[in-house]
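Q: The sequence and its predicted three-dimensional model are supplied below.
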Amino acid sequence: MGILIACFIVLLWGVHLIYVLSGVEVSFYSPLFYVHVVIQAYLFTGLFITAHDAMHGSLSGNKNINKFFGLLTSFLFAGLSFKKLFKNHFRHHKSPALEDDPDFYTGSQNIFIWWGVFVLRYISVFQILIMAVIFNLLKIFFNESSIWFFWVIPAVLATLQLFYFGTYQPHKKPHSHSMEPHNARTQNTNHLWAMISCYFFGYHFEHHESPKTPWWQLYKFKD
C-alpha cells in the first residue's frame, strides 16, 4: 500500500505540473489560477512527506525501495540531498526541540526567523545549481512566468506548510509537561483538517511516538 500511495503522489504531482505549465494561463484575475497554485503546493508537500516516510522505512519492507523513493521524491521536491535529510531527521528524533536538534532554533521563536534558519540549514550550492539547470531546461518548453508560479512558488509554499505544521507548531516554546518526552504537541482531533493541513503531520506527538507509522495511518493513533 505504501508503494502504491507513493507512486500515486509522484504521478499526480507530475501530471498536474505538466498540465498547469502547458495549459493554465497565469492570470491574477482567475480564481482557477490560484486553485492550481495551491494544489501544486500541496502535491509538493506530498513529495516531501513521501521522502519522510522513506527515511523511516514506512513505504516498504525493502530497504532499497525506500531509498529509491526517498532519493526520487527529495530530488523532485527541490533537488534535496536525501542523505542529508536522513541524517538530520534522525538527529531530530533523537533530540526533539533540544540543542542538538538541527530542525529546532534555540534563538527567536519568531516563525519567519526560524523558517529562514531552517531553510538555510538544508540549502547547498549544489542544490541551487541543480535547480538552476532544471529551471533553464523547463524554459525550453514552457513560459517562464508559468515556471515561477507553478513550479518555484508552490515548492516554497510547501516548505512553509511543512515547516509550520511539522516543525514550528509542534515544537515551538513554551514546552509543557504534556509534550514530554518528545517536546511535541499535537493538533486537536479533526482528521479532515489534519489531512488538508499537512498529511496528518499535525498529529505530531503521535508521529514521534510511532515514527514508523506511515502518514496515511497516523490518524489511527490519535485519541
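A: The structure has been received and is ready for your questions. Numbering: from 1, shown residues only.
Q: only C-alpha atoms for contact and neighbour calcs from this point on.
A: Will do.
Q: List the buried residues for stretch 121-134?
A: Within stretch 121-134, the residues scored as buried using 16 or more other Cα atoms under 10 Å are 127, 131.
Q: So which other helices or strands are in contact with the top helix by length along the chain?
A: Longest helix in the chain, counting residues (DSSP state H): helix 31-55. Where contact means 3 or more Cα pairs under 8 Å, 6 or more residues apart in numbering; DSSP states H and E, helix 31-55 is packed against helix 2-23, helix 63-78, helix 153-163.
Q: Next, format the ones you listed as JSON lines and append mean pLDDT, mean neighbour count and distance to F126.
A: Below are the helices and strands packed on helix 31-55 laid out as JSON lines (pLDDT from 0 to 100; neighbours: other Cα atoms under 10 Å; distance: least, Cα to Cα, whole Å):
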{"stretch": "helix 2-23", "mean pLDDT": "97", "mean neighbour count": "16", "distance to F126": "23"}
{"stretch": "helix 63-78", "mean pLDDT": "97", "mean neighbour count": "20", "distance to F126": "11"}
{"stretch": "helix 153-163", "mean pLDDT": "96", "mean neighbour count": "20", "distance to F126": "18"}
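Q: sorry, back to before: and the longest helix of the chain with helix 63-78, angle?
A: With axes from the mean of the first three to the mean of the last three Cα atoms, to 10 degrees applied, the angle from helix 31-55 to helix 63-78 works out at 150 degrees.
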